[in-house]
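Colleague: 3D, please:
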Amino acid sequence: MKSGFVQDQWSMNGGRYTTVSGYEWLMGTQIQVPWVPVVWNRLNVPKHSFIAWVYVEQRLLTKDRLCKFGMAVPTECDMCMVHPETHAHLFFECSYSRACLDRVNEWLGVRIPVCEPIQWCLQLRYKSLMKKQVVFAAVCGLVYLIWWARNKCRLEKVLTHPAILTQELQKHVQIRYQNQHWRGKDQRQGSWITQIGFS
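Modeller: Numbering: from 1, shown residues only. This is a model prediction of the structure:
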């Protein structure tokens, strides 16, 4: 902070120090990433956003990563028991996660691709902000619940049926939707809300 003062880092603010200017100077130049609106969408459940963020950064501790760290773990996917568990396999090459994605596509009436669903979200051209945020919340929630189902399968040897997982996702999105009071803000989208089960 002393060097910032000596170098007059806050001259752009009229020579006044503010908490914001000091924080921005300490943080330095930040990289702008395009997926921020999807991962940190206000309709997301916070734990969904966190796991989606780790997913985008490909930092989830899948079995291939654990092996790179020197851990002796079986490499096959616990959910399909056929292919090695990698980030790409788990999201969404695995037959289990694909089945979950297909159900979400049917529920929302969209075609989320198997690869890069977060990037796909950025291409959405809905005029309604509400529609976009519901889809963003569903995609991030799906990533979270697949990771949750994977961990449950690995630790408890129980695999949640894709239909049950999708129902859980619908509940999460519906609760967040209702808590954000979208109904009063976007009455024109009523038919679409009814269609996806938010009547």
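Colleague: For residue 103, which non-adjacent residue is spatially closest?
Modeller: Taking C-beta to C-beta, 6 or more residues apart in numbering as the measure, residue 103 lies nearest to residue 166, with 4.2 Å between them; neighbours along the chain are not counted. Placement of C-beta: from N, CA and C, glycine included.
Colleague: got it, and residue 84?
Modeller: Excluding the flanking residues, the one nearest residue 84 by C-beta to C-beta, 6+ apart is residue 75, at 4.5 Å.
Colleague: list the contacts for residue 93?
Modeller: For residue 93, the residues meeting the contact criterion (C-beta atoms under 8 Å, 6 or more residues apart in numbering) are 83, 114.
Colleague: do that again at 10 Å, thanks
Modeller: 77, 80, 83, 86-87, 114-115 (C-beta atoms under 10 Å, 6 or more residues apart in numbering).
Colleague: again with residue 75
Modeller: Residues touching residue 75, when contacts are defined by C-beta under 10 Å, 6+ apart, comprise 62-64, 66-67, 83-86.
Colleague: again, only using 7 Å
Modeller: Taking C-beta atoms under 7 Å, 6 or more residues apart in numbering as the contact definition, residue 75 lies against 63-64, 67, 84-85.
Colleague: Residue 61: which element?
Modeller: Taking DSSP states H and E as the criterion, no element holds residue 61; it sits outside all helices and strands.
Colleague: repeat for the one 3 residues further on
Modeller: Counting by DSSP H and E, the element that carries residue 64 is helix 63-68.
Colleague: Next SSE downstream of that helix?
Modeller: Past helix 63-68, heading to the C-terminal end, the next element that is a helix or strand (DSSP H and E) is helix 87-88.
Colleague: Report how many residues lie close to residue 80.
Modeller: Here the number of neighbours of residue 80 (other C-beta atoms under 10 Å) works out to 17.
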